[in-house]
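Undergrad: The sequence and its predicted three-dimensional model are supplied below.
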Amino acid sequence: MQMRNARTAPYLFLAPFVISFLIFGAYPIVRSMILSLYITSGPEAQHFVGLDNYLYLLRDPDFWTAFSNTATFAAGSVALQLPLSLGLAILLNRPDVRGRDVFRFIFFSPNLMGLVFSALLFMLILAPRFGLLNASLHALFGLPLTTRWLSTPELVMPALIMVALWLYTGFNMVYFLAALQSVDGELYEAATIDGAGRWSQFWHVTLPGIKPVLIFVVVLSTIGSFQLFELAFLLLGNSSGPDQAGLTIVMYLYQNGFLGGDLGYAAAIGWTLAGMVLILSLIQLRITGTGKEDR
Amino acid sequence: MRRAIVYSLLVVFSIGCLVPIVWLVVSAFKANADFQAYAFVPPVDRLTMANFPSLFKQMPFLRFMVNSFFVAGATVIVQLFFSSLGGFALAKYEFAGKKAIMGVMLATMMIPGPVLLAPMYELIYHLRLIDSHLGLIVPGMVNVFGMFLFRQSMLSVPDEMLQAARMDGCNEFQIFWHVVMPVSRPIVGAFCLIAFMGTWNSFLWPQIILQSSDRFTLPIGLNQMVGVYEADYGAMMAGTLLAVLPVVMLFFLLQKEFIAGLTKGAVKG
Amino acid sequence: MADIAFRGVNKIYPNGFQAVHNLDLAIKDGEFLVMVGPSGCGKSTTLRMLAGLEAISSGDLLIDGKRVNDLHPRTRNIAMVFQSYALYPHKTVQGNIEFPLRMAKVPAAEVKARALKVARMLELEPLLQRKPGLLSGGQRQRVAMARALVRDPVAFLMDEPLSNLDAKLRVQMRAEIAALQRRTGTTTVYVTHDQVEAMTMGDRVAVFKDGHLQQADTPQQLFERPLNTFVGSFIGSPSMNLITSRIEPGGDGLTLTLAGERIALGRGLEARFEDPGGAAGLVAQVGLRPEDVVDPHLAGEGQRLHGRVVLTELLGREQMVYLDLHDSTRVVARLHADHRLHAGEEVAIGIDPARLYLFRADGNALSYR
Ligand SMILES: Nc1ncnc2c1ncn2[C@@H]1O[C@H](COP(=O)(O)OP(=O)(O)OP(=O)(O)O)[C@@H](O)[C@H]1O
Ligand SMILES: [Mg+2]
């Protein structure tokens, strides 16, 4: 009896999760593939079109605008956030730094604000004239108070990248700091005895030690950046901004699927995004040479 | 000398992180007229509480708050129960199909969320849950990441402890409830915070599902208000401040567990 | 209180490995039985089958004559102390001790009273409100025992409960456990791989090897009448010397040819073996315990062996002497240290035929009297 109990128990324990997973995880994935082959008007009216959605998408200039905006944002975010957060983590990990926990909390605190509420806050911070950013730039460097960050097409993406930088640098830093702290201190001592300077210690001890986390953060940041929506949507007043300068792939999906009512097209956009993200992640993993020797 | 440089860098970045937050707090107490005159901090005697009554007058802010608490609370509880129980089964039992289940779940974790928006909308539509809180809670029940988080952490609960509980008269569920969950308290705390933050800040799905303003959660409600009452900056900042407070308080309650939970799995590879 | 019996019990793990072979073993009510054997011999497996934590592949497990193969651990009413103690870290000492009672839905007042009684017995009363993390190894050990005892189990199982303690504490706890068992009279099955622990604690000791029970007997019987060379050399420290030799009739009784030297056995073996004469003509293994080596001057004529000292270890008043006989068979002897021996010396050692052990070539002992 006991043996039977212990044998059935794991199935019972997994049942709630697996059942809801089948309904709200597995089924929608499959359904999404099918849906992407239809033109729909709301959930009721559907018309099979095969791969037309994908073909249309590739020819739609709006999609390419969305793609290039999103890619710009992803590249800018990752390129700025990662070195900065790694640098901060390295500074914080120095043995002579006091108040490590306080600094870590401060760097992390923007993340507590959350994406949506940060966007609401930055709407005012980026506002011309009374916004904090312009006021600060004016006070420090005498720049004009009238810079319209969110209504000048060229400034939209820099503004978004800046807000993302503020939001996520500390978040990534927490990962890096944890990784740095888990590097065996004796390795540094050994390297010092072997005559390694600061730079070669960084290259030969620190980087290999935190490599898995580094890759993890790079890949996740890229995937996350490609799903940019809330920040742009809210900051730009629920629009795609001047000259579509803030149109992102997910916003394009939202507009077509839920404002335009074509769920099939939305599904096709979703899978296109998934494909891009997958290819990008694979490229990143290939470049960094993971997946083979690890695990 | 070096230390001085290190500290100045750290302090500069700290200021960068903190200034917008301080500005938010100050702005929540700033009269609308003073936004133009005092971009930073107005004289203390000009600070006002007036933004808060104005906030409550302009929109059902309390209603939004209650809705948000209900949706986030229910989602976290359901997720916690499902994920921890599932994680326990995957961590501590050997059974046929285990590898397959884990493989499938891992694979679905790679798929970005927006892929699911359209079919999920269709599903929720057919379940007649559009414009309902259940329509927010139900799709959020499944948290694959959470289940792996629990599995990872429960792997380190020693088998002998489970056997001791079995000898002490526990059935398998009692082992989970009386021994494994209490021992996993830190990860439970971390999970609750992560899951709560995720739901509390969720925007796109509620934006798609919700239609009536008395069902709005905070992100949706505040965003709508921005459109309508464009110029009431003070009330907007007051609302944002209040909206952020619950997460901040929860964070202070659980911060040790949170940092540990966040980096678990990541660091150990 | 309970009698326990294994009847032809086998354990085959899901991967096909057979950890226990056809085990027949009866444990009497109130007995302290120690299971001992080298690592991997199946002791824990046996204990865990008894506890109900591991399924029995075939055969019967009886408690008080009732077959319990399929009963859940909690319905067997058996308690177990684990090697790691497996205390619940989130509960206080009191919470740990009370837990089995709470699970059994014992009324609250009784829970308190019984927990307190056991805590007193194990001198845990001052520690009741502490969490296990703040206890010393010995204290944790006692909490684990209290948690096991509090239910008045019919049997008490312990799997290497002392192996996480330092040497001194181990000796102390060994005595405490034995005393406690005598006081409560609960049938106890105790697993260890330490033969000293086994010999000092058990009413009876069951020796296992490779999943087979070799012999279950009182410590004295095991020591004096090992049924085979494995038990002979496993019990006792340092191990019994085993020397291959020929047994031949000769002179008055039998003679042995050991490393080219002849030892006259006389009639010394007859007191212990049923029919030593029947061994004549056999090639056998002769067992000689290091402490049974005697002063060559006291040994009778033709009861000496000669060899060269390879190594000596001084142990206070005694010395351990490793020497090679003429055919380079290595022999260990435990001798008085008043005359120190040194490496390279040629020496003689004396043998008392009455203390020799005789095993057939297949390793089984000649029949004892
Ligand atoms: N779950 C299992 N599956 C397969 N083989 C197992 C399993 N558990 C134990 N074994 C094997 O069964 C044999 C007996 O194991 P057991 O744990 O009973 O040994 P033991 O006598 O307690 O040893 P030790 O002194 O090291 O604790 C060992 O060879 C072990 O490798
Ligand atoms: Mg064992």
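TA: Sure, I can see it. Ligands and ions are numbered 1, 2, ... in the order given.

Undergrad: Every contact and neighbour count from this point should use C-alpha atoms.
TA: Noted.

Undergrad: any idea of the mean pLDDT in the helix or strand harbouring C:Arg183?
TA: Using DSSP states H and E, C:Arg183 sits within helix C:167-184. The average of the pLDDT scores along helix C:167-184 is 88.

Undergrad: Between helix C:167-184 and the helix or strand just after that helix, find me the angle.
TA: Of the helices and strands lying after helix C:167-184 in sequence (DSSP H and E), the nearest is strand C:187-192. Comparing the axes of strand C:187-192 and helix C:167-184 via axes from the mean of the first three to the mean of the last three CA atoms, to 10 degrees yields an angle of 160 degrees.

Undergrad: Tell me which other helices or strands strand C:187-192 touches.
TA: In terms of contacts (3 or more CA pairs under 8 Å, 6 or more residues apart in numbering or on different chains; DSSP states H and E), strand C:187-192 is packed against strand C:32-36, helix C:43-51, strand C:155-159.

Undergrad: So for the residue in the stretch 101-250 of chain B positioned nearest to chain A, what's the nearest residue that isn't a sequence neighbour?
TA: Nearest residue of the stretch 101-250 of chain B to chain A: B:Val115, at 4.1 Å (CA to the nearest CA). Spatial nearest neighbour of B:Val115, chain neighbours left out: A:Gly270 (4.1 Å); criterion: CA to CA, 6 or more residues apart in numbering or on different chains.

Undergrad: Does the residue in the stretch 151-295 of chain A that chain B sits nearest to belong to a helix, a strand or coil?
TA: Chain B sits closest to A:Gly270 of the stretch 151-295 of chain A, with a gap of 4.1 Å, by CA to the nearest CA. On the three-state scheme (DSSP: H, G, I helix; E, B strand; the rest coil), A:Gly270 is labelled helix.

Undergrad: Same question for B:Phe64.
TA: Under the three-state scheme (three-state DSSP), B:Phe64 adopts helix.

Undergrad: what does C:Val9 give?
TA: Secondary structure, three-state DSSP: C:Val9 is strand.

Undergrad: what residue is smack in the middle of chain B?
TA: Centre of chain B computed as the mean C-alpha position; nearest residue by CA atoms, centre = their mean is B:Met197, 1.3 Å away.

Undergrad: List, one by one, the residues from chain C near ligand 1.
TA: Taking CA under 6 Å from any ligand atom, the part of chain C that reaches ligand 1 is made up of C:13, C:15, C:17, C:19, C:38-45, C:193.

Undergrad: okay if I get those as CSV plus distance to B:Met59 and neighbour count?
TA: Output for the residues of chain C next to ligand 1, formatted as CSV (distance: CA to CA, whole Å; neighbours: other CA atoms under 10 Å in any protein chain shown):
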residue, distance to B:Met59, neighbour count
C:Tyr13, 67, 15
C:Asn15, 66, 6
C:Phe17, 71, 9
C:Ala19, 72, 19
C:Pro38, 77, 16
C:Ser39, 73, 13
C:Gly40, 72, 14
C:Cys41, 75, 20
C:Gly42, 72, 24
C:Lys43, 72, 30
C:Ser44, 68, 21
C:Thr45, 68, 20
C:His193, 75, 21
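
Undergrad: Of those residues, which are in range of chain B?
TA: Among the residues of chain C next to ligand 1, no residue sits close to chain B (CA under 8 Å from any CA of the partner chain).

Undergrad: What is the distance between stretch B:43-51 and the centre of its chain?
TA: The chain centroid and the centroid of stretch B:43-51 are separated by 31 Å under CA atoms, centre = their mean, to the nearest Å.

Undergrad: Check which residues of it are buried.
TA: Neighbour counts over stretch B:43-51 (16 or more other CA atoms under 10 Å in any protein chain shown) mark B:Leu47, B:Thr48, B:Ala50, B:Asn51 as buried.

Undergrad: Tell me which of these fall in helices.
TA: Those of the buried residues of stretch B:43-51 mapping onto helices are B:Asn51, per DSSP state H.

Undergrad: Turn the buried residues of stretch B:43-51 into CSV, including pLDDT and distance to chain C.
TA: Converted to CSV, those look like this (pLDDT from 0 to 100; distance: CA to the nearest CA, whole Å):
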residue, pLDDT, distance to chain C
B:Leu47, 85, 48
B:Thr48, 86, 48
B:Ala50, 88, 48
B:Asn51, 88, 46
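
Undergrad: which one of the buried residues of stretch B:43-51 is nearest B:Arg3?
TA: Nearest to B:Arg3 among the buried residues of stretch B:43-51: B:Leu47, at 38.8 Å, using CA to CA.

Undergrad: which regions of chain C lie under the pLDDT threshold?
TA: Applying pLDDT under 70 to chain C flags residues C:1, C:251.

Undergrad: what do you get for the stretch 1-150 of chain B?
TA: Judged by pLDDT under 70, the stretches of the stretch 1-150 of chain B that qualify are B:1.

Undergrad: Do a quick rundown of the strands in it.
TA: In the stretch 1-150 of chain B, no strands are defined using DSSP state E, counting those that start in this stretch.

Undergrad: list the contacts for the residue nearest to C:Tyr368 when sequence neighbours are not counted?
TA: Leaving aside its chain neighbours, C:Tyr368 sits nearest to C:Phe273 (4.3 Å; criterion: CA to CA, 6+ apart). Going by CA atoms under 8 Å, 6 or more residues apart in numbering or on different chains, C:Phe273 touches C:Leu366, C:Ser367, C:Tyr368, C:Arg369.

Undergrad: Secondary structure element for the residue nearest in space to the middle of chain A, which one?
TA: For chain A, the residue nearest the mean C-alpha position is A:Gly224 (2.1 Å; CA atoms, centre = their mean). Per DSSP H and E, A:Gly224 falls inside helix A:207-226.
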